[in-house]
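> how would this look folded up:
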Amino acid sequence: MLGVNHMTIQELRKFGVEVEEPARQRLERFVHALLDENSRLNLTAIRTPESAWVLHVCDSLAPLTRLGGLRPGSIVDVGTGGGAPGIPLACVMSDWRVTLVDGTSKKIAACRRIAASCELQNVEAIAGRAEELAGAHDLRERFDIAVARAIGPLNKVLEYLAGFVAVGGECWAFKTPASAEAERPAAAALLAPLGLREAGSVEYDLGDLGGKRCVLVFRKVAKCASRYPRRGGTAGGAVLRPRGVGRMKRDGRADVG
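Prediction:
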């Protein structure tokens with residue numbers, strides 16, 4: 001598919017991704033910089049340009065249709081790792097501000113270098129634990145959209161994301177259909193205290209390399225309870241319930257989305 005180690009606009013369109021040529025060039029620089037950084041740091045298991053284009057670029061940009069018609073705003077990518085989906089989104093949505101969050105300082109430093117290689121002026125990268133940063137005064141319920149890929153089961157992901165998103169904004173959780181179905185029940189009990197309501201999903205297919213995927217969308221309809229996200233590794237755990245109400249078991253399976 002990649003004769004010269006990059007995707008053309010036409011090839012991206014086959015995955016449902018519509019971009020202009022300047023954005024495509026920034027995405028090409030992202031793939032090159034990511035793989036270069038990955039040769040020295042363990043940012044991703046993906047080692048080839050073809051896989052990086054499909055599994056990082058096309059996957060990251062699948063929910064772009066959610067942004068159509070919205071005024072420019074702010075996005076936070078929680079547990080960004082090597083910068084996806086945040087940096088690909090920043091490459092295309094140059095009028096949106098994108099903040100990358102990760103608990104590993106070396107990964108954040110790599111993300112800053114990758115963003116610089118893409119000549120992006122709309123990216124900020126912050127090192128720190130999500131459950132602590134989501135409670136920080138300057139980050140609490142500040143963003144229009146919070147996104148996360150493959151950082152844990154849905155209940156844990158939503159607990160991290162909800163603290164960053166302003167009322168009226170959205171949380172996007174990247175999943176496979178199988179993991180989405182398996183993890184929804186455990187997440188359901190958390191929606192009310194997190195101020196979230198499920199608002200649909202974006203379904204897409206990454207072909208032979210990635211298969212069917214989805215982005216679960218949750219609307220922020222009320223402020224997040226002040227105790228969330230919980231610290232000390234308890235995010236995604238049992239929700240406090242009134243006496244006499246049954247407790248939902250925690251889904252401890254690793255995310256495969």
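> where is the longest helix in the chain?
helix 21-38 (DSSP state H).
> which parts of that helix are buried?
23-24, 26-35, 37-38 (16 or more other Cβ atoms under 10 Å). Where C-beta positions appear, they are placed from N, C-alpha and C, glycine not excepted.
> pipe the residues you listed into TSV and attach distance to E181 and pLDDT per row.
Shown next, in TSV, are the buried residues of helix 21-38 (distance: Cβ to Cβ, whole Å; pLDDT from 0 to 100):
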residue	distance to E181	pLDDT
A23	33	97
R24	34	97
R26	35	98
L27	31	98
E28	35	97
R29	37	97
F30	31	98
V31	31	97
H32	36	96
A33	35	97
L34	30	97
L35	33	96
E37	34	96
N38	31	93
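> which strands or helices does the following helix or strand past the longest helix of the chain pack on?
Downstream of helix 21-38, the first helix or strand assigned by DSSP states H and E is helix 49-52. Packing contacts for helix 49-52, counted by 3 or more Cβ pairs under 8 Å, 6 or more residues apart in numbering; DSSP states H and E, involve helix 21-38.
> and the longest helix of the chain, how far from the chain's centre?
Its chain's C-alpha centre and that of helix 21-38 lie 18 Å apart, by Cα atoms, centre = their mean, to the nearest Å.
> now stretch 15-24
On Cα atoms, centre = their mean, the centre of stretch 15-24 falls 19 Å from the chain's centre.
> end to end, how far does it reach?
14 Å (Cα to Cα, to the nearest Å).
> list the contacts of it.
7-9, 12, 27, 54, 57-58, 61-62, 64, 91-92, 94, 204, 206-207 (Cβ atoms under 8 Å, 6 or more residues apart in numbering).
> can you do 10 Å?
Contacts with stretch 15-24, where a contact means Cβ atoms under 10 Å, 6 or more residues apart in numbering, come from 6-9, 11-13, 25-27, 53-54, 57-62, 64-65, 68, 88, 90-94, 202, 204-207, 210.
> may I have the secondary structure class of A90?
helix (DSSP: H, G, I helix; E, B strand; the rest coil).
> do I have it right that it meets R97?
Yes. If you go by Cβ atoms under 10 Å, A90 and R97 touch, sitting 8.4 Å apart.
> so which of the two has more stuff around it?
A90 (28 against 17; other Cβ atoms under 10 Å).
> measure that one to R184 for me?
To R184, A90 is 29 Å away according to Cβ to Cβ, to the nearest Å.
> so P229, which state does it fall into?
coil.
> my read: it touches R129, true?
Yes. Counting by Cβ under 10 Å, R129 is a contact partner of P229 at 9.5 Å.
> which of those two has more neighbours?
P229 (25 against 15).
> for the more buried one, report the pLDDT, please.
pLDDT for P229: 94.
> please apply the same query to G237.
On the pLDDT scale, G237 gets 55.
> ok, the residue nearest the centre of the chain to R24 distance?
Using Cα atoms, centre = their mean, the residue of the chain that lies closest to the mean C-alpha position is A148, 2.6 Å off. For A148, the distance to R24 (Cβ to Cβ) stands at 25 Å.
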